[in-house]
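**Q** After the sequence you'll find the predicted model.
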Amino acid sequence: MTSNKDRIKSMWLPAWAAELVTLYEAGSTSQFLCYGNVHDRLLMPLKEGVRLGTLSAFLTDVMMPRFDVVLSYDLGNGLTVERGGETFAKWPRMRDTGPRLPREPAAAVDLLSHYIRFVGNLRKLGQPAPQVGVMVRGAELIVPAGGGGGHDLAAIASQMRDWADDDGMLDHAVATFLIADNLADLHPLVASNPRAHRIKIPLPEAGDVAATLALLAPRFPVALKRFAPDLQRPAAMLAGATVSSLESLLKAREHLGEELDDAHLVAAKKAMVEQECQGLIDFVAPKRTLDDLHGQEAVKAWIRQDIALWQAGDLQAVPMGYLLCGPVGTGKTFMVECLAGEAGVPVVKLKNFRDKWVGSTEGNLEKIFRLIQALGRAIVFVDEADVALGRRDGGANDAGVGGRVYGMMAEEMSNTRNRGRVLWVLASSRPDLIEVDLKRPGRIDVKIPLFPTVDARESFGLVRALMRRRGLELADGDFEGLKDRLPTLLTPGAAEALAVKVYRTVKVGGKAPLAALGDCLVGYQNPVPLATIERQIDLAVAESTDIAFVPTVFRERQP
């Protein structure tokens, strides 16, 4: 890269590549841990023009085009000479052992270590030496975080760590690139090497997707016909999807002779994102707004003010996150869908990202965070947050996974670069079990309590609204005949179950909606024990950011 300095400075490079060049040219480090979106196709700025290629091709052709020797290793292909075979063959050890290169990790890493040391020694002695680049693909398979292996694995990890030694950095003699999906999957000796620098390859953001679409447009005129005048719009809708999946989508549509439209893009984006995250998330394009939410007027007014600031780009008062708390069945998930629809942004709902294998849980979180950072504006929803977010002390039975999850979540939620891009929404009926530090301002700025109905009138309005969705109508005057039988502390979940029962009674028994509701109220019992609901109400009141969110009857319950 030394002789290439002016050439690289004159070309466009993605941020991660520019960072890599700067660090190498400054002599800061010669070893780079490349992780993240490492299997995708990347835009490669070359002398003959921009094209798409793999990360290995990017490193070889864009970052190291004038290196004398480029070597690569992975478990499937073994050790390969990508460039400079004649120069590499002059190494005395190769002359002695012949052209056959090892495939097994221990032998391959040992040979690479000796060659790196040989080149460094030549430089120290002032003799001509080649400039060498080494790429290790699938490094997490060679030196896994929890793969056992005893001393043999530790020896391989130690050798790879030593590639970043000062001898290898001397006069830019050697650059090494260890490529892995996730840092958490790598052996600690490698992942925590202070002399190596971490380079995250992000998922494509809207600008990257627009540039890719512009490059691909001549190949897919039919698929992109509708968007040809303005590729920024589909690019914004497809942010976070890999280039590989985008290219596959265009190939399929072009083959079928079908134009892409907005509906296709929404469905394709959902499928592509969920496939990339391997079942770790649900990607929801919400169809509801706050108009679909019954009651909660003070809460809706506050949220609409926040959304107005968000959409206007005035981010100083936009919260980093919300905590929705309240008894089971109070509609916390429904509230998130309405919030997202009001804001016009997608929802990333975290599923069970925990895994039994060492390092896998942390690796899953890395994948999720990469997606979140690429989406542009999005809401990240964590249900049952008291369980999902982990605890600072981790606990003795999970090998410290809970503590590491807590640390990763805390760091990501407080990342101020995400303000105005990512809105975290936590939901829990037991907010007292969420670590206090995760609920502090700067991570969760607004805590919103959701409550069951406070009186018979509210219960009537809630049940009536849910019956109306099923085509069953009640008149305003019907309340008087029902008010003594309508339960209070009725949650939307319980009211939904009651409305379903009324609908069934109407269809099976042939009764009018009012009569059917009256029958269903006979002997009605709340599905959640009263003591549990009251306890969870008290917790929600105690957490509330603003007392205006709390109905008077519940404020008076507090000591």
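**A** Structure's in. What do you need?
**Q** Could you use CA atoms for every contact and neighbour count after this?
**A** Fine.
**Q** Could I get the buried residue list for the longest helix along the chain?
**A** Determined from DSSP state H, the single longest helix within the chain is helix 105-124. Buried residues in helix 105-124, counted by 16 or more other CA atoms under 10 Å: 105-106, 108-113, 115-121, 123.
**Q** Likewise for stretch 412-431?
**A** Across stretch 412-431, burial judged by 16+ other CA under 10 Å covers 413-414, 418-431.
**Q** Narrow those residues to those in helices?
**A** Filtering the buried residues of stretch 412-431 for helices - DSSP H - leaves Met413.
**Q** Wait, Arg430 touches Val328, no?
**A** No. Using CA atoms under 8 Å, Arg430 is not in contact with Val328; the gap is 9.3 Å.
**Q** intersection of neighbour lists for these two?
**A** Residues touching both Arg430 and Val328 by CA atoms under 8 Å, 6 or more residues apart in numbering: none at all.
**Q** Secondary structure class of Ile179, three-state.
**A** What DSSP: H, G, I helix; E, B strand; the rest coil gives for Ile179 is strand.
**Q** Run through the bridge partners of it.
**A** Cys34 (DSSP bridges).
**Q** picking up where we left off before, wait, which of the buried residues of helix 105-124 is closest to Asp181?
**A** Pro105 (18.4 Å; CA to CA).
**Q** any idea what sits nearest the closest one, other than its immediate chain neighbours?
**A** Nearest residue to Pro105, sequence neighbours excluded (CA to CA, 6 or more residues apart in numbering): Ile142, at 6.5 Å.
**Q** what's the spacing between the one you found and Asp110?
**A** Distance of Ile142 to Asp110, given as CA to CA, to the nearest Å: 13 Å.
**Q** so where does the residue nearest the centre of the chain fall, helix or strand?
**A** Computing the C-alpha centroid of the chain and ranking residues by CA atoms, centre = their mean puts Ile368 first, at 2.4 Å. Taking DSSP states H and E as the criterion, Ile368 maps to helix 360-374.
**Q** same question, Lys349
**A** Using DSSP H and E, the element containing Lys349 is strand 347-350.
**Q** Which positions in that strand come out as buried?
**A** Neighbour counts over strand 347-350 (16+ other CA under 10 Å) mark Val347, Val348, Lys349, Leu350 as buried.
**Q** Make JSON lines from these and add distance to Ala235 and pLDDT to it.
**A** What follows is the buried residues of strand 347-350, written out as JSON lines (distance: CA to CA, whole Å; pLDDT from 0 to 100):
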{"residue": "Val347", "distance to Ala235": "18", "pLDDT": "86"}
{"residue": "Val348", "distance to Ala235": "19", "pLDDT": "86"}
{"residue": "Lys349", "distance to Ala235": "22", "pLDDT": "88"}
{"residue": "Leu350", "distance to Ala235": "24", "pLDDT": "85"}
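**Q** nearest to Arg51, of these?
**A** Arg51 has its nearest neighbour among the buried residues of strand 347-350 in Val348, at 31.4 Å by CA to CA.
**Q** In contact with that closest one, which residues are there?
**A** Counting by CA under 8 Å, 6+ apart, Val348 touches Ile281, Asp282, Phe283, Val284, Ile372, Ala378, Ile379, Val380, Phe381.
**Q** Which secondary structure state does the residue of the chain most remote from its centre sit in?
**A** The centre of the chain is farthest from one residue, Gly481, which by CA atoms, centre = their mean lies 51.6 Å away. Look at Gly481: counting by three-state DSSP, its state is helix.
**Q** which residues touch Pro551?
**A** Applying CA under 8 Å, 6+ apart, we find Pro551 in contact with Val454.
**Q** same thing with Leu213?
**A** Leu231, Ala235.
**Q** element containing it, please.
**A** helix 206-216.
**Q** what comes up buried for the next helix-or-strand element following that helix?
**A** Using DSSP H and E, the helix or strand that directly follows helix 206-216 along the chain is helix 232-238. Buried residues in helix 232-238, counted by 16+ other CA under 10 Å: Gln232, Pro234, Ala235, Ala236, Met237, Leu238.
**Q** How about residues contacting helix 232-238?
**A** With CA under 8 Å, 6+ apart as the test, helix 232-238 has contacts from Glu205, Ala206, Gly207, Val209, Ala210, Leu213, Phe227, Asp262, Leu265, Val266, Lys269.
**Q** Out of the residues you listed, which end up buried?
**A** Glu205, Ala206, Val209, Ala210, Leu213, Phe227, Leu265, Val266, Lys269.
**Q** now those as CSV including distance to Leu462?
**A** As requested, the buried ones among the contacts of helix 232-238 are exported to CSV (distance: CA to CA, whole Å):
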residue, distance to Leu462
Glu205, 42
Ala206, 41
Val209, 44
Ala210, 46
Leu213, 48
Phe227, 44
Leu265, 36
Val266, 32
Lys269, 35
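**Q** In TSV: these, plus distance to His197 and pLDDT.
**A** Converted to TSV, the buried ones among the contacts of helix 232-238 look like this (distance: CA to CA, whole Å; pLDDT from 0 to 100):
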residue	distance to His197	pLDDT
Glu205	23	86
Ala206	26	86
Val209	27	90
Ala210	29	91
Leu213	31	92
Phe227	40	89
Leu265	37	84
Val266	37	80
Lys269	32	79
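**Q** Pick out the most distant pair among the residues you listed.
**A** Pairwise over the buried ones among the contacts of helix 232-238, using CA to CA, the maximum falls at Glu205 and Phe227, 18.0 Å.
**Q** close enough to count as contact, Ile290 and Val336?
**A** No, residue 290 isn't Ile; it's Leu. No. Assessed by CA under 8 Å, Leu290 is found out of contact with Val336, at 9.4 Å.
**Q** which residues does Lys349 contact?
**A** Counted by CA under 8 Å, 6+ apart, Lys349 has contacts Ile281, Asp282, Phe283, Val284, Val380, Phe381, Val382, Asp383.
**Q** Check Lys483 too.
**A** With contact set as CA under 8 Å, 6+ apart, Lys483 has these partners: Ala456, Arg457, Phe460.
**Q** Filter those down to just the ones in helices.
**A** Among these, DSSP H puts Ala456, Arg457, Phe460 in helices.
**Q** re the thing from before, most neighbours among the contacts of Lys483, which one is it?
**A** Scoring those on neighbours with other CA atoms under 10 Å, the highest-scoring entry is Phe460 at 23 neighbours.
**Q** surely it meets Arg485?
**A** No. Here Phe460 does not reach Arg485: they are 10.2 Å apart, not a contact under CA under 8 Å.
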